[in-house]
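*Asks:* Generate coordinates for the sequence data below:
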Amino acid sequence: MSESRAHRRIALLLCDIPADPVRELHGDYTRIFGTLLQESLKPINETRSPGSQTTFTLEPFDVRAQVYPEDDEYDAMLLTGSASTAHEYDQPGREWIKRLIEYVRVVATEKPRIKIFGICFGHQIIALAMGGTCVRNTRFEVSATKLQLTELGKKVYGVESGILNIYVMNRDHVPNEPPSFHVLSSSNLSPNHGMVLFSQSESSEDVSHSNFRLTDIHILTSQGHPEFTESIMHQLLGWRRELLGPELYNDGESRVGNQVDGVAIIGKAIWGVMGVE
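*Replies:* All right, here's what the predicted structure looks like:
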């Protein structure tokens, strides 16, 4: 599956490119997600001797151009966010979204050894691929936001307080999770801000309220953005200021400096699902 037990090979399915002001300061999504993975891996590697530290490669594929991995030798697949609308896959010019939904369905059902992670748009694509729904919400969710964790969410993320802080920037959401998926978190506007599917070898009814390992998780999603930094969030709010309107923009700006758990909690969980703890 991977080059060695200490190495992880990850396919990054690029569903968009960052907004211009974000890209100018922080690079493309390969760099942004590479930073998330590297920063969340760093404290794990610090507890290990040099010879036993985990390394990874992040290989990008532009799925908007219908470019996909040519082999299956990946430990994981990660779907990025996008300014596109996941549930408009039947509209002209959105054929790539329809193909992506089908691709995810095939990988999830036929290649269970590959872990799957979805962020924002990726979370929504996974929901559609696996039998859930995605619709337009009543308004945008923006900036640093406190999410309420379910009992399972507390266990997956190791957060006893039941609160997860994450940057968000979304108008669409997943009101109905797919069959056998379990919701991890919710906001005041979105009942499903992240979900998991356990591997088929686990009983999804029993494992949700009992002991499990993170490696028992097959799919992990987040509507929020663990890859966002304060600078990225600030740039995005400015970029969408007119669309958001003054009230929502000002509210988002007032929270942009708040604590977020993207690297320390969600990034750590991503590595845990891949067997790196």
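
*Asks:* Give the next helix or strand downstream of the host helix or strand of M233.
*Replies:* Using DSSP states H and E, M233 falls within helix 230-239. Counting by DSSP H and E, the element after helix 230-239 in chain order, helix or strand, is helix 241-244.

*Asks:* Run through who's touching the next helix or strand after that next one.
*Replies:* Counting by DSSP H and E, the next helix or strand C-terminal to helix 241-244 is helix 246-255. Contact partners of helix 246-255, identified using C-beta atoms under 8 Å, 6 or more residues apart in numbering, comprise 139-140, 142-145, 233-234, 237, 240-241, 244. C-beta here means a position set from N, CA and C on the backbone, and glycine is covered the same way.

*Asks:* Now do the buried residues in helix 246-255.
*Replies:* Under the neighbour-count criterion of 16 or more other C-beta atoms under 10 Å, helix 246-255 has 248-249, 252-253, 255 buried.

*Asks:* what angle do that helix and helix 230-239 make?
*Replies:* 170 degrees (axes from the mean of the first three to the mean of the last three C-alpha atoms, to 10 degrees).

*Asks:* before we move on, back to that, from the chain's centre, how far out does the helix holding M233 sit?
*Replies:* For helix 230-239, the distance from its own C-alpha centre to the chain's C-alpha centre is 19 Å (C-alpha atoms, centre = their mean, to the nearest Å).

*Asks:* Next: stretch 257-266.
*Replies:* Its chain's average C-alpha position is 14 Å from that of stretch 257-266, according to C-alpha atoms, centre = their mean.

*Asks:* Using PDB, list the CA coordinates for that stretch.
*Replies:* Taking C-alpha atoms only, stretch 257-266 is exported to PDB below (Å, rounded to 0.1, in the frame of the first residue of the first chain):
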ATOM      1  CA  GLY A 257      -8.600  35.700  15.500                       C
ATOM      2  CA  ASN A 258     -10.300  33.200  17.700                       C
ATOM      3  CA  GLN A 259      -8.800  29.800  18.600                       C
ATOM      4  CA  VAL A 260      -9.200  27.000  16.000                       C
ATOM      5  CA  ASP A 261      -8.400  23.300  16.300                       C
ATOM      6  CA  GLY A 262      -7.700  22.500  12.600                       C
ATOM      7  CA  VAL A 263      -4.100  21.300  13.000                       C
ATOM      8  CA  ALA A 264      -4.100  20.100  16.600                       C
ATOM      9  CA  ILE A 265      -7.400  18.200  16.600                       C
ATOM     10  CA  ILE A 266      -8.600  17.400  13.000                       C
END
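
*Asks:* Quote the end-to-end distance of stretch 181-190.
*Replies:* Stretch 181-190 has an end-to-end distance of 16 Å (C-alpha to C-alpha, to the nearest Å).

*Asks:* quick check: mean pLDDT across it?
*Replies:* The pLDDT scores in stretch 181-190 average 97.

*Asks:* Sort out which residues of it are buried, please.
*Replies:* Per 16+ other C-beta under 10 Å, stretch 181-190 contains these buried residues: 181-187, 189-190.

*Asks:* which element follows the lowest-mean-pLDDT helix or strand in the chain toward the C-terminus?
*Replies:* The weakest-scoring helix or strand in the chain, judged by mean pLDDT, DSSP states H and E, is helix 204-207 (a mean of 53). Where DSSP H and E defines the elements, the next helix or strand beyond helix 204-207 is strand 217-222.

*Asks:* Contacts for that next one next, please.
*Replies:* Strand 217-222 is contacted from outside by 108, 112, 115-120, 122-123, 126-127, 130, 156, 166, 181, 193-200, 266, 269-270, 273, using C-beta under 8 Å, 6+ apart.

*Asks:* now that strand: how far from the chain's centre is it?
*Replies:* Mean C-alpha position of strand 217-222 versus that of the full chain (C-alpha atoms, centre = their mean) differs by 8 Å.

*Asks:* Can you list the strands that it pairs with?
*Replies:* Using DSSP bridges, the strands paired with strand 217-222 are strand 115-119 (parallel), strand 194-198 (antiparallel).

*Asks:* so can I have CSV of the ones you listed showing distance to L13 and mean pLDDT?
*Replies:* Formatted as CSV, the strands paired with strand 217-222 follow (distance: least, C-beta to C-beta, whole Å; pLDDT from 0 to 100):
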stretch, distance to L13, mean pLDDT
strand 115-119, 9, 98
strand 194-198, 17, 97
